[in-house]
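Engineer: Give me the fold of what follows.
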Amino acid sequence: MSVLHLPFQTKHQSVPFSQIKTQEFPDAFALAINEAKNEVNLIIENPEKPTFENTIEALAFTGMHLDVLSNIFFNLNSAETNDEIQLLAQEIAPALTQFSNDITLNEDLFKRIKAVYNQKSTLDLTQEQETLLDKNYQNFVRNGALLNPEQKQRLRQIDTELAKTSLDFGQNILAETNNYHLHITNELDLDGLPQSDIEQAKATAEELQKEGWVFTLDYPSYIPFMTYASNRELRKELAIAQGSKGFQNNKYNNEQNVLKIAKLRHQRARLLGFKTHADFVLEQRMAQNPSNVLDFLNDLLVKAKPAALKELDHLNQLAKDLDGIDQLQKWDTAFYSEKLKQKLFDLDDEILKPYFSLDNVLQGAFTVANKLFGLNFKKTHEIDIYHPEVSVYEVYDGDNQFVSLFYADFFPRKGKRNGAWMTSFKNQYIQDGINHRPHVSIVCNFTKPTPTKPSLLTFNEVTTLFHEFGHALHGMLANTNYPSLSGTNVYWDFVELPSQILENWCYEQEALELFAKHYQTNQAIPMELIKKIKESSSFQQGMATLRQLSFGFLDMAYHANDPKEIQNIKEFETRQFSTTSLLPDIENNAMSTSFSHIFQGGYSSGYYSYKWAEVLDADAFAYFQEKGIFNQEVAQKFKENILSKGGTQHPMELYKKFRGQEPSVDALLKRANLLN
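Structural biologist: Below you'll find the model as predicted:
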């Protein structure tokens, strides 16, 4: 029997990665799909009248094997892919889409679900059971259950095309990222760069069997070069390379993929009776509709733009004073922002990085989780991994009860896509009295160790680690009955609350003193640096807010309108950026063609949720600050009402149970120094 068959005969039923052969996946998926179909058929063929237990609850536990298999395969496709996996993805993704359609378009199954739904008011259901019933019914309706046969067939075609096109989009971006190298042979061109980044570029060059130094489009290589390199022409070259991913005249061009995805989504929404894709998506979001999202974004724009313009003036003046530059370009902002930050706060990442070795920061995240939620992390070598750089921890509570497996994968490599994300290999759920605990993972692209130094993180990387770890805590502390309501299975504009709130601890003295220690001397970070970190936390928040808003507006422009009128992607996005753009446009760059969040990830019509969740996290953290950032009463309320509840209730109800009131935008504006 294939090693991919459940249950895995391993500790905690963890994935036996080293025993998996890629070529086994197609057969394993075929078996799992067949198994899931048989489970669904048992529900349909049940001669007893439909009840919550024999229909809704039974359906909640079908396809468990298929879910785990899908998690394994698509997580590998993101974090450790290769040509073989990418080829299989083109075959497996449409097969899964077809299976999903087979379920949601099954008339006999929907009849049973509808029968239970119609008697909801007479059933004695818990809040979680009622949510599961509502979610099931809506899921079927939103996926075509009420359509006629011809419409259902068209929906199947659209979903299959979308799955394939989205995969193509992501594979093109990975190829473009891997294919570009800035190869430097003249040491003078390294002027301004920190020694650790020079060492890393040397190591990259050696890996590629080149002389000199190589910089790539991976963020730990790209960001330092844009921030510190004095050579403006090379910054320009690298920035244009980053901005032209998917927008070049080659086989990886994503322009048609962008248009195809946007048009297919719109057609799908119209087929289901919605005005636009955004209307379809936002029906199940806290924001509710496109009008509310645009009002929210425009309100923030009004508050942030004056601050952004003032910040830009300061930056322009500095560039003129230092280097006689009359017009800042996009390849200048990080460079001069760093110089301005040093001037205003006498603070730069090179001073901070020795206090933020990756090991210390990770232990710091563990300590914060322990002080807030009583969790203990024990590194283990008994759990199989998919790459030698991955670490695994067993997580226990204060009573030494097993809580979760936690995988951590931190460094860039050829088979890993850019960015940082949290994911899971196994959801939490309770079945037959057994609480099945989750297996969660965070995947990042941090600065690698060098021959002379451990991995030393920039402060931005520190907050990124805490952000993803916050998502992981949401997964780890899940305590619900049904896998589809567990952990991060919540409204998309609520899912960022646990991640973004945890970033706040990175700015607090009481937390920093726990882990910000010099990697050589173990000396705690000096008070003056903590003070500067705190003071600089609102530095250029106007510009940063405008940047986030521009992405939110672009997302809504694609999805809250009929995209058939879009002829030229570049012209389209330039129009959308007109109210938020601060710098001259780069003609041969486009944002859309590498905007993975909305064209490959799950953020279509949802990019606004980063700012939306900032309102929630600022308001929630203000509560911690009132009572103490490690206050047990507040932490327990956050754990019980937010982290453990998953999607079992409407998020605003959960938030009010935690906070005692609805969130106010004032806490965010105050934190970002945007209050007039």
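Engineer: In this structure, which strand is the longest?
Structural biologist: strand 402-409 (DSSP state E).
Engineer: what comes up buried for the helix or strand just after it?
Structural biologist: Next along the chain after strand 402-409, taking DSSP states H and E as the criterion, comes strand 421-426. Within strand 421-426, the residues scored as buried using 16 or more other C-beta atoms under 10 Å are 422-426. Quick note: C-beta positions are derived from backbone N, CA and C, even for glycine.
Engineer: okay, these in JSON lines with distance to I598 next?
Structural biologist: Shown next, in JSON lines, are the buried residues of strand 421-426 (distance: C-beta to C-beta, whole Å):
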{"residue": "M422", "distance to I598": "18"}
{"residue": "T423", "distance to I598": "18"}
{"residue": "S424", "distance to I598": "22"}
{"residue": "F425", "distance to I598": "25"}
{"residue": "K426", "distance to I598": "27"}
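Engineer: Run a quick neighbour tally on P94.
Structural biologist: By other C-beta atoms under 10 Å, the residues close to P94 number 17.
Engineer: The one residue sitting closest to the centre of the chain: what's its closest spatial neighbour, skipping adjacent residues?
Structural biologist: Taking C-alpha atoms, centre = their mean, the centroid of the chain lies closest to W421, which sits 4.4 Å from it. Leaving aside its chain neighbours, W421 sits nearest to V443 (5.5 Å; criterion: C-beta to C-beta, 6 or more residues apart in numbering).
Engineer: Phi and psi next, for that neighbour.
Structural biologist: Backbone torsions for V443, taken as degrees, to the nearest 10, come to phi -120, psi 120.
Engineer: Hmm, it is touching F425, no?
Structural biologist: No. Using C-beta atoms under 8 Å, V443 is not in contact with F425, being 11.7 Å away.
Engineer: quick one: which of the buried residues of strand 421-426 is nearest to F17?
Structural biologist: Comparing the buried residues of strand 421-426 against F17 with C-beta to C-beta places F425 closest, at 9.7 Å.
Engineer: which residues sit in contact with that closest one?
Structural biologist: By C-beta atoms under 8 Å, 6 or more residues apart in numbering, the contact set of F425 is 14-15, 68, 71-72, 75, 405, 407, 439-441.
Engineer: Give me the subset of those that lies in helices.
Structural biologist: 68, 71-72, 75 (DSSP state H).
Engineer: okay, now the residue nearest to F553 when sequence neighbours are not counted: neighbour count?
Structural biologist: Spatial nearest neighbour of F553, excluding adjacent residues (C-beta to C-beta, 6+ apart): Q576 at 5.4 Å. As a burial measure, Q576 scores 19 neighbours (other C-beta under 10 Å).
Engineer: repeat for the one 5 residues further on
Structural biologist: Here the neighbour count serves as a burial measure; for S581 (other C-beta under 10 Å) it reads 14.
Engineer: One more: the one 5 residues further on?
Structural biologist: Counted with other C-beta under 10 Å, the burial measure for I586 works out to 15 neighbours.
Engineer: what comes up buried for the longest helix along the chain?
Structural biologist: Identified as the longest helix of the chain according to DSSP H is helix 290-323. For helix 290-323, burial by neighbour count (16+ other C-beta under 10 Å) applies to 290, 293-294, 296-297, 300-301, 303-305, 307-308, 311-312, 315-316, 318-319.
Engineer: ok, which stretches of the stretch 201-350 of the chain are helices?
Structural biologist: When secondary structure is read from DSSP state H, counting those that start in this stretch, the stretch 201-350 of the chain shows helices at 219-228, 232-243, 255-271, 277-282, 290-323, 333-345, 349-352.
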